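Visitor: Attaching a predicted model along with its sequence, questions to come.
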Amino acid sequence: MPVHLKCYVGGPPFNMNSTAVKHSHPRFPSPPAYCWMENVFKTGPSSNSCAFCGRNSLNLAVHAFFILMEQNVVEDGVQKFQVLPAYDDEHGGVIVDMKEPMDPNVFQAMLKASVSQWKLEGKKGAWIKLPIGLANLVEIAVKEGFWYHHAEPQYLMLAYWIPETRNAIPANATHQVRIGAIVMNDKGELLVVREKLGRFWGTGIWKIPTGILEEGEDIFAGATREVKEETGINTEFVDVIAFRQMHKCFFGKSDLCILCTLQPLSFDIHKQDSEIEEAQWMPFEEYADQPIVENHCIFKHVKDICLAKIKRGYGGWTPLPVTSLFNDQTSYLYINQKGLKP
């Protein structure tokens, strides 16, 4: 006598009935397997033969069904579909890091089963990391309720909030971080550039070197790198003296501009031809006499900070290396270390 199987595909179990297809399959010769494609894949039979052995009226989705049966186990006469491999995050959620290709029908069935299992386990957020080579699975995940969270050159991260409570998944990165580098030599000259690209191109305005920090780059490292790239000047980082926050900048993201002072270690300028039209050591008074310095607050504040630095030794924040409570990773706390001295 053939056994009756129950199938779990992200929902309540159902029993096979007389309209199910009795199918003796070479992979499952005894007892015969029952295939109920209308319930499993929400699609009726559309072919007169099995994708494997040519028997009975089954559609091509039986291929995925038997793959699932191979991958899973029968416990007490109940067929249970495997869940996607996942590991816990630090906030009660799960992360699926897809690495190998998977049949889309198999992925859909396993994803449904996974979400059901995660609900039973009380999981909160679910994350699926899809490398660019598995982009064919994105539409399936979206149809199951996942949404885009963020993307990098080699992968897309999708997210899903499982419980029926307020979604607590944090937003994607909200800010980009740039630096502005104030570099003055012993002659009281300020290192300035005219840009070939961007808003200041063609205006004739002289400005301090600026640039975007790279991923994983420290502020002090990014400041010295940008000055070197744009002007060819080697510098030593001194301190952070101010920062500015502005919203709705790059594709709607906010912007943090961190103003730093640096000490020059070389003086011969070799400008970056691709981005910089001109670069020079400019007498500070000449920089300050530009109309934009008085009419634009950022330029004016740069001037005021330079004067305070020259005349009163205005001090900022310097990086203090600290170790995480949870691992041995080093990070940097920017503080006014002079102000802490007794």
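Guide: Thanks, I have the structure now. Numbering: from 1, shown residues only.
Visitor: Which pLDDT value belongs to R199?
Guide: R199 is assigned 84 on the pLDDT scale.
Visitor: partners of Y155 in the sheet?
Guide: P131, E152 (DSSP bridges).
Visitor: And for the residue nearest to the spatial centre of the chain, nearest residue in space, chain neighbours not counted?
Guide: Nearest to the mean C-alpha position of the chain, by Cα atoms, centre = their mean, lies H150 at 4.7 Å. Nearest non-adjacent residue to H150, counting by Cβ to Cβ, 6 or more residues apart in numbering: N172, 4.2 Å away. Just so you know, the C-beta spots here come from the backbone N, C-alpha and C atoms, and that holds for glycine as well.
Visitor: quick check, that neighbour in a helix?
Guide: No - counting by DSSP: H, G, I helix; E, B strand; the rest coil, N172 is located in no helix; its state is coil.
Visitor: For V322, give me phi and psi.
Guide: The phi/psi pair for V322 (degrees, to the nearest 10) reads phi -130, psi 160.
Visitor: Would you agree it is in contact with T330?
Guide: Yes - using Cβ atoms under 8 Å, V322 is in contact with T330, at 7.2 Å.
Visitor: any common contacting residues for those two?
Guide: With Cβ atoms under 8 Å, 6 or more residues apart in numbering applied, the contact sets of V322 and T330 do not overlap.
Visitor: rewinding a little: what does the host helix or strand of the residue nearest to the centre of the chain contact?
Guide: Using DSSP states H and E, H150 maps to strand 147-152. Contact with strand 147-152 is made by W127, L156, M157, L158, A159, Y160, I169, N172, A173, as judged by Cβ under 8 Å, 6+ apart.
Visitor: In contact with W206, which residues?
Guide: Counted by Cβ under 8 Å, 6+ apart, W206 has contacts V192, V193, R194, Q280, M282, Y287, Q290.
Visitor: in what helix or strand does V177 lie?
Guide: strand 175-183.
Visitor: That strand packs against which elements?
Guide: strand 189-195, strand 210-212, helix 219-231, strand 235-246, strand 254-264, helix 297-312 (3 or more Cβ pairs under 8 Å, 6 or more residues apart in numbering; DSSP states H and E).
Visitor: Quick check: A221 vs I132, distance?
Guide: 29 Å (Cβ to Cβ, to the nearest Å).
Visitor: between these two, which one's more packed in?
Guide: Set A221 next to I132 and count neighbours by other Cβ atoms under 10 Å: A221 wins out with 15 against 11.
Visitor: Tell me the pLDDT of that one.
Guide: 97.
Visitor: Quick check: it vs P319, distance?
Guide: A221 is 10 Å from P319, by Cβ to Cβ.
Visitor: what does K124 give?
Guide: 35 Å.
Visitor: do the same with F237
Guide: For F237 relative to P319 (Cβ to Cβ), the value is 8 Å.
Visitor: Spit out the residues that contact the two alike.
Guide: With Cβ under 8 Å, 6+ apart as the test, F237 and P319 both reach F220.
Visitor: For stretch 332-342, which outside residues touch it?
Guide: D218, I219, F220, V240, G315, G316, W317, T318, P319, L320, P321, V322.
Visitor: Quick one: mean pLDDT over stretch 324-331.
Guide: Rounded mean pLDDT across stretch 324-331 is 87.
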